[in-house]
Every structure is written in structure tokens, then in C-alpha cells.
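J.: Build me a structure from this.
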Amino acid sequence: MSQERMAKVSVIIPCYNCEKFVSRAIESVLNQTCVDWEIILVNNNSTDKTLKILERYAVAYPSKVYVFEEPKRGAQAARNKGLGEAKGVWVQYLDADDEISTDKLERQVALAEENNADVVCGGYKTIQKLQSKLIKIKSIYYKFQDKNKSITANNILETIRLPKVDIWKGLISSQLGITSANLWSKRALESVNGWDEQLTSAQEYDLLFRIMKNNGRIIIDPNLCAKIYKQENSISASTDFDKKEEIINNSINLRFRIRDYLFSKGKLTAELDNYIDHWIYSYLMSFRSIMPGRISTKLKNMKLRISVKTIIRSNILYFFKKTVKTFN
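T.: As a prediction, the model looks like this:
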């Protein structure tokens, strides 16, 4: 492999036992309107036919697709391996079971360069199945684009008005995109040493937080640009309550770290302080129907300052989930 290869965007796809869907992710890159890219496929201890599929793409596109091995287990290790091999100015992380819209790279690179951004956070659609049946579709994006104009290479920036978003609130409430929906500056990633390989969840928001602490500029792409497929055996569907509690703790601890950082820099306004408490409360209440004892204990120990309105709304949702669970 030539070390002289250059690309505007390095698309990094960590791959573990993904023979059934990795082609969908790769094809979504091959179909991009932007042609200045490379694909870095990182095989992470796959035991199925994943590696053979990756190698077929590398043979078919020898100057665009590259395959690497990462023996250390975990998507973060694979992503960091890809980052070390990347030659692009920009990095697109793409999970093997996701896909991106055909204009994502072209649009987000243009937005990033026009706005001197380090990260572009995009909208996405989550698709979840159970026993091969579609059970949920959820779209998260910012409805600011002009629907009457088409997006082309010539008018790509004219058709998009960046929404005015409080970036710290977006970070606290997990409203700054998701791994496959975002575009990252390689320089910004390297400046914070990439992904934290010790974290088991909340990894992309930990990464965003470290980039923001490093004065990175974050902007919002108001378009839906990625499809996120939740696998049937995903941890969100798991009955392993210890694992669920670990995920909950990671998310809450990140908010505590954000609060501590803002306080240390004199940026913790009363509004943000209150916002963190309310987010933690609502987040914990979303798990109360499946883990009532553990969640009740956490709520008692945290002594959050919550408005009556939030308490009423969260309890209504709790009793609704509990009722639905009982009838099912």
C-alpha cells in the first residue's frame, strides 16, 4: 500500500462479525457524490466471513479501499487504528451496520470548511427491528433547510441555514448527532488522542466533550444524513441489568464531568446547572420501569433539584411504560 495516497475524507469502518450488513455501509460510501475519499476497513477479530468480504472490496478498489487488522477488541480500538492509518483531512466514522446519505460527505465537508469547524454534527434516522420485524423508526434532525431548493455542488451552502444551538446544552442532552452522522477533523481527533478505549458507552459524547474542552468548533448540519440500524442483540435490548447500569453510570458521570469543567472555567450558569439536573432526572426515569429498585436508589442518593413540571411529566411517562409492559 502506497503511503503517498491522499484523500479529503477518510471513512473508517470498524468491522466485527458483520458479514450480513457491512456491504450496505461500504456501498453507501461508494455511492457518494463526493469522490475524494478513501475507505479504511478495520477487521476486529471477526470469526465469520467478514474479512473475505472486506478483502474483495480492497481488490475491486485497490486505490480507494484498504483493509487493516486490529487485534485489541472493541470498536474504539478499531477506530483508533483507522485514525492512525487515515490520510484524509476529514474523518467519517461509519459503523458497519449503518449507512450514510449520498451527499453527506460533500455537504458536510463544504459546511466544515466554510465555517472553520472541527466537527459537523448531523441528523440521523434510527431503525430498530425485533425478530426481523420493524418495530421503531425515530428521526433526529434539525428542520431548518429550505425544502424548495435542491442541494447541488454549486449551491450547497446557499440551501442550508445553520441552526443556532446551545452547544453545551446539545452535549448535555445528547443532541449533537451520533457516530455515523458526524464528520470529524483529523487534526481535532489527534489533538485529544482519539477515542477513549476504556469507556464501554457514551464514547462519542466523551470524544465531543474533550474536543470542546480543547476549544474545538462544533456546528450542526440540519439534514438527516445517516441511517442507524439497531441490531436485535444490541445492549439496549439486553436483560443484563448490570450492563445497563454501567451504561447509565457512564452517561451520568459524563454530565458530572461537564458540570465540573464548566464550573472550573466560570461558565456554569444557573441555567446550565439546572439543565444538567433535569436531564439526569429524565434520563434515570426512562429506565425506572425496567429497573425500579436501582433507579429509585440513584434518585434518592443524587438529590437533584427538579421542577414540579418535570417530575409530573416523567412520572406520567413512567406509569405509561409500566402499564404497557403489564398489558404486553
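J.: What is the burial count for the residue nearest to residue 73 when sequence neighbours are not counted?
T.: Closest residue in space to residue 73, ignoring its immediate chain neighbours: residue 45 at 5.9 Å, by Cβ to Cβ, 6 or more residues apart in numbering. All C-beta atoms are positioned from the backbone trio N, CA, C, and that covers glycine. Look at residue 45: counted by other Cβ atoms under 10 Å, it has 17 neighbours.
J.: quick one: residue 45 and residue 71 touch, right?
T.: Yes. Counting by Cβ atoms under 8 Å, residue 45 touches residue 71, with 6.6 Å between them.
J.: And what about the residue nearest to residue 73, helix, strand or coil?
T.: Classification of residue 45 using DSSP: H, G, I helix; E, B strand; the rest coil returns coil.
J.: Where do the helices of the stretch 51-200 of the chain begin and end?
T.: Applying DSSP state H, counting those that start in this stretch to the stretch 51-200 of the chain gives helices spanning 75-85, 104-115, 167-172, 186-191.
J.: For residue 62, which of these is the nearest?
T.: Of all those, helix 75-85 sits nearest to residue 62, with 15.6 Å by Cβ to Cβ.
J.: That closest one: how far from the chain's middle?
T.: In terms of Cα atoms, centre = their mean, to the nearest Å, the centre of helix 75-85 is found 15 Å from the chain centre.
J.: what about the strands in the protein?
T.: Assigned by DSSP state E, the chain shows strands spanning 7-15, 37-43, 65-69, 88-93, 99-100, 119-130, 133-140, 183-185, 218-230.
J.: From the contact counts, what lies against the shortest one?
T.: Contacts defined by 3 or more Cβ pairs under 8 Å, 6 or more residues apart in numbering; DSSP states H and E place strand 99-100 against helix 22-30, strand 218-230.
J.: what's the closest non-adjacent residue to residue 241?
T.: Residue 241 sits nearest to residue 291 (Cβ to Cβ, 6+ apart), 5.8 Å away.
J.: what residues are up against the one you found?
T.: 241, 244-245 (Cβ atoms under 8 Å, 6 or more residues apart in numbering).
J.: Closest one of the residues you listed to residue 104?
T.: Once Cβ to Cβ is applied, the member of those that ends up nearest residue 104 is residue 244, at 31.6 Å.
J.: What is the burial count for the closest one?
T.: 18.
J.: State the pLDDT value of it.
T.: Per-residue confidence (pLDDT) for residue 244: 91.
J.: measure it to residue 127 for me?
T.: 22 Å (Cβ to Cβ, to the nearest Å).
J.: mind checking which of the helices of the stretch 51-200 of the chain is nearest residue 267?
T.: helix 167-172 (7.8 Å).
J.: what does the average pLDDT come to for that closest one?
T.: Computed over helix 167-172, the average pLDDT equals 94.
J.: list the contacts for residue 122?
T.: 104, 108, 141, 177, 181-183, 220-221, 223-226.
J.: Please indicate which of those residues has the highest neighbour count?
T.: Neighbour counts for the contacts of residue 122, by other Cβ under 10 Å, peak at residue 181, which reaches 31 neighbours.
J.: so who does it touch?
T.: Here residue 181 is in contact with 100, 121-124, 225-226, 228 (Cβ under 8 Å, 6+ apart).
J.: same thing but 7 Å
T.: Contact analysis of residue 181 by Cβ atoms under 7 Å, 6 or more residues apart in numbering lists 122-124, 225-226.
J.: I'd assumed residue 203 was in contact with residue 254.
T.: No. Between residue 254 and residue 203 there is no contact under Cβ atoms under 7 Å: 10.0 Å.
J.: could you show me where the helices are in the stretch 201-328 of the chain, in order?
T.: Counting by DSSP H, counting those that start in this stretch, the helices of the stretch 201-328 of the chain are 203-213, 241-264, 270-285, 292-302, 308-327.
J.: related to what we said a few turns ago, turn the contacts of residue 291 into CSV, columns for distance to residue 78.
T.: As requested, the contacts of residue 291 are exported to CSV (distance: Cβ to Cβ, whole Å):
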residue, distance to residue 78
241, 28
244, 24
245, 26
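J.: follow-up on the earlier one: quick one: residues contacting the residue nearest to residue 73.
T.: Residue 45 sits next to 16, 71, 73 when contact means Cβ under 7 Å, 6+ apart.
J.: May I ask which helix or strand of this protein has the lowest mean pLDDT?
T.: When each helix and strand of the chain is scored by mean pLDDT, DSSP states H and E, helix 308-327 comes last, with a mean of 55.
J.: residues contacting residue 252?
T.: Each residue near residue 252 by Cβ under 7 Å, 6+ apart is listed here: residue 280.
J.: wait, residue 41
T.: By Cβ under 7 Å, 6+ apart, residue 41 lies in contact with 13, 15, 54, 65-67.
J.: Recalculate using a threshold of 8 Å.
T.: 13, 15, 26, 54, 57-58, 65-68.
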